[in-house]
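Visitor: sharing a model prediction with you, sequence too.
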Amino acid sequence: MSKPEILVIDDDESITATVSNYLASKGYRVTVANDSEGALELLDAGKFAIILSDIYIDRLTGLDILRHAQERDAGTPVILMTARGSVRTTVEAEMGGAFDYLAKPFDLKDLLVVIQRAERSRETQPDGEPAEDLEQFGGMIGFSAPMVDVYKRIARSARSDESVLILGESGVGKELVAKAIHDHSSRSNKPFVAVDSGAVTGSLWESEVFGSLKGAFTGAERDRPGIVETARGGTLFFDEVGEVPMEFQPKLLRFLQEKEYRPVGAGAPRKADVRVIAATNRSLDEMVRDGKFRKTCSTGSTSSESKCPRCASGKAISRSS
């Protein structure tokens, strides 16, 4: 079976020569373009199975190539590469339907793995979504491959409404990651409310998070909205979630599972409309084993003993160091 034809686009002829020679040695048919005008002419003239393009070409960019390719055939895998990756370009690539995004310099063997994945996906590649004009990136910088990987995880998380757990040591920018996810999500025009879990007194957690009604306890002279209500429609960020006290964790887990909460003194639960992102510099697995942090399983039961992986914590996005 013959290999698919690949269009390689880069204004650096040494890169297109190296990449095309390598891919040709693996049996692929390769066509090269060293400027955007020539690339668009080739795209209009023929049907390429896979497109590999640099982001920064000339008057046009790889994002323009991506949009043009998607307009012609939304199922064509487009792989973008750059030595100057950013949250903006990565999010635009993800929103535009890019198959993958590589940081230069990369190992040719790693490129081959991505090409092979693109080859296998050609029949099932979903239609791309329209690219969005995103201008604010929360101060995140860095062009290295690990940073671009973080950008990709941010972009993919921004496209869903799942709960997310961000892992990393103190000072690595976990809140920046959380804010970037919020800023590029469908909730970006709603509040982003951050909670320093270590600063809330144990006895105040329930009223702080869920709010309280007038007369619920001594001194409650009026209804007081909690942070779930304050963040309605937006994102609720629990910083250092490992500091949440054990006595409040069952109620927090139920809130995560059912998307419902009950203000202190309320007779019935209320529906929550927030996305939850959490972060910690601690090992939650070790805390679970030590009986200091609860788990939840797909059945909804909670325990401080081992049952299943961190269902309630969502997916881990970053182990920045």
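Guide: Thanks, I have it.

Visitor: let me know the secondary structure of Ile166.
Guide: Counting by DSSP: H, G, I helix; E, B strand; the rest coil, the backbone at Ile166 sits in strand.

Visitor: now the helices for the stretch 51-200 of the chain?
Guide: 62-72, 87-95, 108-121, 145-158, 174-183 (DSSP state H, counting those that start in this stretch).

Visitor: who's in contact with Lys109?
Guide: Counting by Cβ atoms under 8 Å, 6 or more residues apart in numbering, Lys109 touches no other residue. In this view, the C-beta of every residue, glycine as well, is placed from N, C-alpha and C.

Visitor: mean pLDDT lowest for which of the helices of the stretch 51-200 of the chain?
Guide: The minimum mean pLDDT among those belongs to helix 87-95 (a mean of 74).

Visitor: how far does that one sit from its chain's centre?
Guide: Centroid separation between helix 87-95 and its chain, computed with Cα atoms, centre = their mean, to the nearest Å, is 11 Å.

Visitor: worst-scoring helix or strand of this structure, pLDDT-wise?
Guide: strand 302-303 (a mean of 35; mean pLDDT, DSSP states H and E).

Visitor: ok, back up a step: dump the helices of the stretch 51-200 of the chain to CSV, plus distance to Ser2.
Guide: Output for these, formatted as CSV (distance: least, Cβ to Cβ, whole Å):
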stretch, distance to Ser2
helix 62-72, 21
helix 87-95, 29
helix 108-121, 12
helix 145-158, 31
helix 174-183, 42
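
Visitor: Pro263: which of those is closest?
Guide: Closest approach to Pro263 among the helices of the stretch 51-200 of the chain is made by helix 174-183 (24.2 Å; Cβ to Cβ).

Visitor: beta partners of the closest residue to Val114 other than its chain neighbours?
Guide: Spatially, and ignoring its direct neighbours in sequence, Val114 is nearest to Asp100 (5.1 Å; Cβ to Cβ, 6 or more residues apart in numbering). For Asp100, the residues forming beta bridges with it (DSSP bridges) are Ile79.

Visitor: surely Asp100 touches Ile115?
Guide: No - under the criterion of Cβ atoms under 8 Å, Asp100 makes no contact with Ile115, lying 9.5 Å away.

Visitor: those two: who's more crowded?
Guide: Between Asp100 and Ile115, counting by other Cβ atoms under 10 Å, Ile115 is the more crowded of the two (24 against 19).

Visitor: quick check: closest non-adjacent residue to that one.
Guide: Ile50 (6.4 Å).

Visitor: if we can go back for a sec, if I look at Asp100 and Ile115, which residues touch both of them?
Guide: Ile79.

Visitor: these two touch, right, the residue nearest to Ile115 and Val8?
Guide: No - with contact defined as Cβ under 8 Å, Ile50 does not count as touching Val8 (9.4 Å).

Visitor: so what sits against both of these two?
Guide: With Cβ under 8 Å, 6+ apart, Ile50 and Val8 have no common neighbours.

Visitor: okay, the closest residue to Lys104 other than its chain neighbours: pLDDT?
Guide: Spatial nearest neighbour of Lys104, chain neighbours left out: Ala83 (4.0 Å); criterion: Cβ to Cβ, 6+ apart. For Ala83, the pLDDT comes out at 78.

Visitor: backbone phi and psi for Ala83, please?
Guide: Dihedral pair for Ala83: phi -100, psi 0, per degrees, to the nearest 10.

Visitor: ok, it to Ala39 distance?
Guide: Distance, Ala83 to Ala39, using Cβ to Cβ, to the nearest Å: 19 Å.

Visitor: the two: who's more crowded?
Guide: Ala39 (28 against 14).

Visitor: quick check: the more buried one touching Ala33?
Guide: Yes - in this structure, Ala39 is within contact of Ala33 by Cβ under 8 Å, at 3.9 Å.

Visitor: between the two, which contacts overlap?
Guide: 7, 9.

Visitor: ends of stretch 41-51, what's the gap?
Guide: 14 Å (Cα to Cα, to the nearest Å).

Visitor: buried sites along it?
Guide: Going by neighbour count (16 or more other Cβ atoms under 10 Å), the buried part of stretch 41-51 is 42-43, 48-51.

Visitor: got a list of contacts for that stretch?
Guide: Under the criterion Cβ under 8 Å, 6+ apart, residues 4-7, 9, 31, 33, 65, 68-69, 72-73, 76-79, 115, 118-119, 122 lie in contact with stretch 41-51.
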